[in-house]
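1. Give me a model of this one.
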Amino acid sequence: MSDAYIFDVEESNFQSIVVENSHKLPVLVDFWADWCQPCQSLIPILHKIAEDFAGQIILAKVNSDQQQALVQQYGVRSLPTVKLFVNGEVVDEFTGALPESDILARLDKYLQRESDAMMAAAVAEYEQGNIESAIAHMRQAAESDPNNTRVQVTYARVLLEHGQTDALTDFIENLSATMQALPDVVAIKAQLDIVGQLGEGVQVEDLLARIAANEKDSAAREQLSAVYVSRGDFAAALEQLLEIMKRDRAYNDDAGRKGLLRLFDMLGAENPLTAEYRRKMSSLLF
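-> Reported below is the predicted structural model:
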């Protein structure tokens, strides 16, 4: 045992350390072996997670060479294999030495912390229209628990929605490298970059009026797309970029097509909007 939340586990204590404790907090079970090089790469990452979340998770280490009964019982076929136990059951698992950010993303939804309650109260306040006070309380929740992805992402999205780009930039820069690598944070950083295209005092009504007067006003459409991105209205943003691509491929070095590709990367391949607008873009190309 390395510390109070890291255990070497065998068949005789698996029930008490893993199964019973998993009714109180998540338990990561690492099946490893001395000869397994990926296991040796993964162990420091798992130790770091257990130490960062001390008291919120348990790490149980099973030497697979010595604990063949557990290996067979839990169907372990390759090393390393990590299984996540919650309420006595395996709720997630992976094989291989994943990066810390990937492991945190799997673990995050099973962690319930005081900062979640703080953020829930701030969100309720936000929905009641007490914006400034709510944002201040969201910041307190985020600062109280730097490892809580849900809290960090919620606060960042609200800053983006309200155009507080300087505060958001500072906030993201102060996140850990692991947190910055999470997909939700990467997407917010991409949104922030796009919003940076906007000039001071840009109004949607003015942009729409310009487009109504001249449907080929690609600059207005590009800015309008950035406004929609800042609001999280990605379908509307994609539509404006598609219109630029339809009407003026020469504008700003094919900005319509490049903007679409950038948003596809930000949204991810699994997002239905990505598939829909890839088809629409392809119809213009071929």
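2. Which parts of the stretch 101-250 of the chain are helices?
-> All helices of the stretch 101-250 of the chain, identified by DSSP state H, counting those that start in this stretch, fall at 114-127, 131-144, 149-161, 165-173, 177-180, 183-195, 204-213, 218-231, 234-247.
3. Run a quick neighbour tally on Ser115.
-> Residues within reach of Ser115, counting by other CB atoms under 10 Å, total 21. Any C-beta I mention is one placed from the backbone N, CA and C, and that applies to glycine too.
4. Roughly how far does Gln180 sit from Asn174?
-> 10 Å (CB to CB, to the nearest Å).
5. ok, now which ones touch Trp32?
-> Neighbouring residues of Trp32 by CB atoms under 8 Å, 6 or more residues apart in numbering: Cys39, Leu42, Ile43, Lys61, Val62, Asn63, Ser64, Leu79, Pro80.
6. Try it again at 10 Å.
-> Going by CB atoms under 10 Å, 6 or more residues apart in numbering, Trp32 touches 38-40, 42-43, 46, 61-65, 79-82.
7. Tell me the buried residues within those.
-> Among these, those that count as buried by neighbour count (16 or more other CB atoms under 10 Å) are Cys39, Leu42, Ile43, Leu46, Lys61, Val62, Asn63, Ser64, Leu79, Pro80, Thr81, Val82.
8. Quick one, grab the pLDDT at the fourth one.
-> Per-residue pLDDT puts Leu46 at 97.
9. Next: Asp265.
-> The predicted local confidence for Asp265 is 88.
10. And for the one 10 residues further on?
-> Predicted confidence (pLDDT) for Ala275: 95.
11. Apart from its neighbours in sequence, what residue is nearest it?
-> Ala269 (8.0 Å; CB to CB, 6 or more residues apart in numbering).
12. what separates the one you found from Pro183, distance-wise?
-> Taking CB to CB, one finds Ala269 at 12 Å from Pro183.
13. neighbour-wise, which of the two wins?
-> Pro183 (14 against 9).
14. just checking, that one touches Gly268?
-> Yes: using CB atoms under 10 Å, Pro183 is in contact with Gly268, at 7.1 Å.
15. Columns secondary structure and distance to Ala33 on top of the buried ones among the contacts of Trp32, output as TSV?
-> Listed next are those as TSV, based on DSSP: H, G, I helix; E, B strand; the rest coil; distance: CB to CB, whole Å:
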residue	secondary structure	distance to Ala33
Cys39	helix	6
Leu42	helix	12
Ile43	helix	11
Leu46	helix	15
Lys61	strand	11
Val62	strand	10
Asn63	strand	7
Ser64	coil	5
Leu79	coil	5
Pro80	coil	8
Thr81	strand	11
Val82	strand	13
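16. nearest to Glu100, of those?
-> Leu46 (9.0 Å; CB to CB).
17. show me the contacts for that closest one.
-> 6, 28, 30, 32, 39, 57, 59, 61, 80, 82, 97-98, 100, 103.
18. Can I get the strand or helix carrying Glu51 as CSV, trimmed to CA atoms?
-> Taking DSSP states H and E as the definition, Glu51 sits inside helix 37-52. Below are the C-alpha coordinates for helix 37-52, written out as CSV (Å, rounded to 0.1, in the frame of the first residue of the first chain):
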residue,chain,number,x,y,z
GLN,A,37,6.1,-2.6,-20.2
PRO,A,38,2.8,-0.7,-20.8
CYS,A,39,1.8,-1.6,-17.2
GLN,A,40,4.9,0.2,-16.0
SER,A,41,4.0,3.2,-18.0
LEU,A,42,0.5,3.3,-16.7
ILE,A,43,1.2,2.8,-13.0
PRO,A,44,2.6,6.3,-12.4
ILE,A,45,-0.4,7.8,-14.1
LEU,A,46,-2.8,5.8,-11.9
HIS,A,47,-0.9,6.7,-8.8
LYS,A,48,-1.0,10.4,-9.7
ILE,A,49,-4.8,10.2,-10.2
ALA,A,50,-5.2,8.4,-6.9
GLU,A,51,-3.1,11.0,-5.1
ASP,A,52,-4.8,14.0,-6.8
